[in-house]
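**Student:** when you get a sec, could you give me coordinates for this:
(chains A, B, C, D, E and F)
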Protein chains: 4
Amino acid sequence: MFITIEPNSQTPIYLQLRRQIVEGIVRGELRPGDPLPSVRQMAVDMGINLHTVNKAYGVLQAEGFVEIFGRRGARVAPAPPRYDEAFLAELRGQLQALYREARSRGVEGELFAALLQEALREAP
Amino acid sequence: MFITIEPNSQTPIYLQLRRQIVEGIVRGELRPGDPLPSVRQMAVDMGINLHTVNKAYGVLQAEGFVEIFGRRGARVAPAPPRYDEAFLAELRGQLQALYREARSRGVEGELFAALLQEALREAP
Amino acid sequence: MFITIEPNSQTPIYLQLRRQIVEGIVRGELRPGDPLPSVRQMAVDMGINLHTVNKAYGVLQAEGFVEIFGRRGARVAPAPPRYDEAFLAELRGQLQALYREARSRGVEGELFAALLQEALREAP
Amino acid sequence: MFITIEPNSQTPIYLQLRRQIVEGIVRGELRPGDPLPSVRQMAVDMGINLHTVNKAYGVLQAEGFVEIFGRRGARVAPAPPRYDEAFLAELRGQLQALYREARSRGVEGELFAALLQEALREAP
DNA sequence: GTGGTCTAGACCACG
DNA sequence: GTGGTCTAGACCACA
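**Tutor:** Sure, this is the predicted structure:
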């Protein structure tokens, strides 16, 4: 499980970290019950601050992707969180916003569909 | 052309403003050459800060949706910007990110497609 | 609404702050929609660090007592959170633990009841 | 006298250990003068750290539940500690805090009383 | 050594 | 001026 951080990215470091851990879980590289590195270890590995890692772990816990056991470290949660109505509504809204942006620059219909296929194909 | 601002939204006000102007152009309510309200006027109308409007106009100019003539006001650009390679790449990336987020919560395949159809249908 | 912090208390500062804000809401001194001081303002008022206030606000948001609107500040939530099954179970467990502690030192039956009455009477 | 440790609990291990020994005394499974396992033995049995057992024993001694005779082992104190003013004040304070937390989530009056009855009934 | 907490100082985007 | 984010350095309780 490799994680890479882009310090100069627009997206905050803690979200980059979160995303990559989530993707590790989705891809099955991280399995339920697997331990995560300690915040200190992860921080030195990534070359970032301890608090930044801590924040990422906190978000993951709040979302239900990992469990945190005080000084006993953190583990991948036994059951990953599923979607609910709120999540679907949020997702729908973001898809809509993206589509509107696309249309405003002339990306419509088949072109949009093709782009989407491309994106999905590369996703896994 | 009505514009409404949600001060308590997550998305910054200047982006809300930008988006609604773009949509006005896409829908044809604002036509090439149409004048935009002055920064001052818009700020007063919306009850928002002058800097905020300025920033939105700046973004719109950078994107090619409007032209700004110093203190002589701003107008809708004669030809709206089209997509280029960079835009498509960006869009593809965002679609991918959205799809990955969706999958991480168990939204896949047909469910995702259905959601997308729904979003597109409501878009116009 | 007065808030006082005991820096040398066992309970973390951010929890002291959280508790006092919650009590302010319960007592009606803070009403739904009322604005909370900015984290910076609160920090200098209390003589504590900005991040500590931020953490308290974050907890209050997660619990549903307050809403946070980015740079627009924080407000008391329109509807305070109610109890659910998990909360009751937790509460029951804590009451039990407390009673066990009491009994282990000889505090039982009527004495415990009297103590409880005393505590409740002073509570509001 | 069985003792079980939950490594993943929120409450520190040394307090779990302390609590279970106290409860053993309250229930009469451990009688005044009974020897406690050596720190080493207990640590091995529970599969926990030696320091942790030591800390628990230290707390029990400070509270007056056990007597420690250097390397000659520890024993249940001849007379268990009784409550004093300080203990009652502490207890009252904790009951109050718990009640306030309860009220903040809408648990009041009869509901609280019912919950308390439930907790007491299950306690022994 | 580990997480939890606190402080301090800094930069940025936003308004 | 405001919150969001990041870094750095520190102390404590726990194991």
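**Student:** can you tell me if the lengthiest helix in chain A touches chain B.
**Tutor:** For chain A, the longest helix by residue count, based on DSSP state H, is helix A:85-104. Yes - applying C-beta under 8 Å from any C-beta of the partner chain, one finds helix A:85-104 touching chain B at A:87-88, A:91-96, A:98-104. C-beta: built from backbone N, CA, C; applies to glycine.
**Student:** from those residues, which two are the most distant?
**Tutor:** Maximum pairwise distance among those (C-beta to C-beta): 26.2 Å, between A:F87 and A:S104.
**Student:** the residue nearest the centre of chain A: what's it in contact with?
**Tutor:** With distances taken as C-alpha atoms, centre = their mean, A:R19 lies nearest the centre of chain A, 2.1 Å away. Counting by C-beta atoms under 8 Å, 6 or more residues apart in numbering or on different chains, A:R19 touches A:11, B:97, B:100.
**Student:** and it, what pLDDT?
**Tutor:** A:R19 is assigned a predicted lDDT (pLDDT) of 95.
**Student:** would you mind measuring from A:V26 to chain B?
**Tutor:** According to C-beta to the nearest C-beta, to the nearest Å, A:V26 stands 5 Å off from chain B.
**Student:** quickly list the domain ranges of chain A.
**Tutor:** A:13-76, A:85-122 (automatic domain parsing).
**Student:** quick revisit: close to chain C, is the longest helix of chain A?
**Tutor:** No - counting by C-beta under 8 Å from any C-beta, chain C has no neighbours in helix A:85-104; the shortest distance is 14.2 Å.
**Student:** count of residues packed around A:A119?
**Tutor:** 19 (other C-beta atoms under 10 Å in any protein chain shown).
**Student:** would you list the contacts of A:R19 in JSON lines and tack on distance to A:E118 and neighbour count?
**Tutor:** Shown next, in JSON lines, are the contacts of A:R19 (distance: C-beta to C-beta, whole Å; neighbours: other C-beta atoms under 10 Å in any protein chain shown):
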{"residue": "A:T11", "distance to A:E118": "22", "neighbour count": "11"}
{"residue": "B:A97", "distance to A:E118": "14", "neighbour count": "16"}
{"residue": "B:R100", "distance to A:E118": "14", "neighbour count": "16"}
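**Student:** closest to chain C out of those residues?
**Tutor:** Closest approach between these and chain C, by C-beta to the nearest C-beta: A:T11, at 16.9 Å.
**Student:** give me the three-state assignment for that closest one.
**Tutor:** Secondary structure, DSSP: H, G, I helix; E, B strand; the rest coil: A:T11 is coil.
**Student:** any idea how far it lies from chain B?
**Tutor:** The value you get for A:T11 to chain B, if C-beta to the nearest C-beta is used, is 9 Å.
**Student:** nearest residue to that residue in space, ignoring adjacent ones along the chain?
**Tutor:** Counting by C-beta to C-beta, 6 or more residues apart in numbering or on different chains, A:T11 lies nearest to A:R19, which is 7.9 Å off, once chain neighbours are set aside.
**Student:** look up how far A:R31 lies from that neighbour.
**Tutor:** Using C-beta to C-beta, to the nearest Å, A:R19 is found at 18 Å from A:R31.
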